[in-house]
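*Asks:* Please find the sequence and the predicted model below.
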Amino acid sequence: MERRGSQNRDRGSSGERGYGRGPQTMHKAKCSDCGEETEVPFKPDPDRPVYCRECYAKRKPKRY
């Protein structure tokens, strides 16, 4: 007897996002916090802040 929900077993994990899309285009940007040059996977909007990995990690809320 097959359990419900087991049909999704062979579809891969959520860690495989982007499968089959090819390489991601990176765009250069300047961190709004520390001023370091960084690369981001989206085209930066001049009206919104962009943060490097370290500054983003400091700003994002803690998950409990």
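*Replies:* Now that the structure is in, tell me what you want to look at. Because the structure is a prediction, the values reported are computed rather than measured.

*Asks:* lowest-pLDDT helix or strand in this structure?
*Replies:* Comparing helices and strands within the chain by mean pLDDT, DSSP states H and E singles out helix 53-59 as the least confident, with a mean of 92.

*Asks:* What is that helix packed up against?
*Replies:* Using 3 or more C-beta pairs under 8 Å, 6 or more residues apart in numbering; DSSP states H and E as the contact criterion, no helix or strand is in contact with helix 53-59. C-beta: built from backbone N, CA, C; applies to glycine.

*Asks:* Name the residues of that helix that are buried.
*Replies:* The neighbour-count criterion (16 or more other C-beta atoms under 10 Å) identifies residue 55 as the buried residues of helix 53-59.

*Asks:* which outside residues touch it?
*Replies:* 31-34, 38, 51 (C-beta atoms under 8 Å, 6 or more residues apart in numbering).

*Asks:* Tell me the gap between it and the middle of its chain.
*Replies:* Computed by C-alpha atoms, centre = their mean, to the nearest Å, the chain-centroid distance of helix 53-59 equals 13 Å.

*Asks:* Can you show me the CA trace of that helix as CSV?
*Replies:* The C-alpha trace of helix 53-59 is given here as CSV (Å, rounded to 0.1, in the frame of the first residue of the first chain):
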residue,chain,number,x,y,z
ARG,A,53,26.5,39.6,1.9
GLU,A,54,27.9,40.7,5.3
CYS,A,55,25.8,43.8,5.7
TYR,A,56,22.7,42.0,4.6
ALA,A,57,23.3,39.3,7.2
LYS,A,58,23.6,42.0,9.9
ARG,A,59,20.3,43.7,8.8
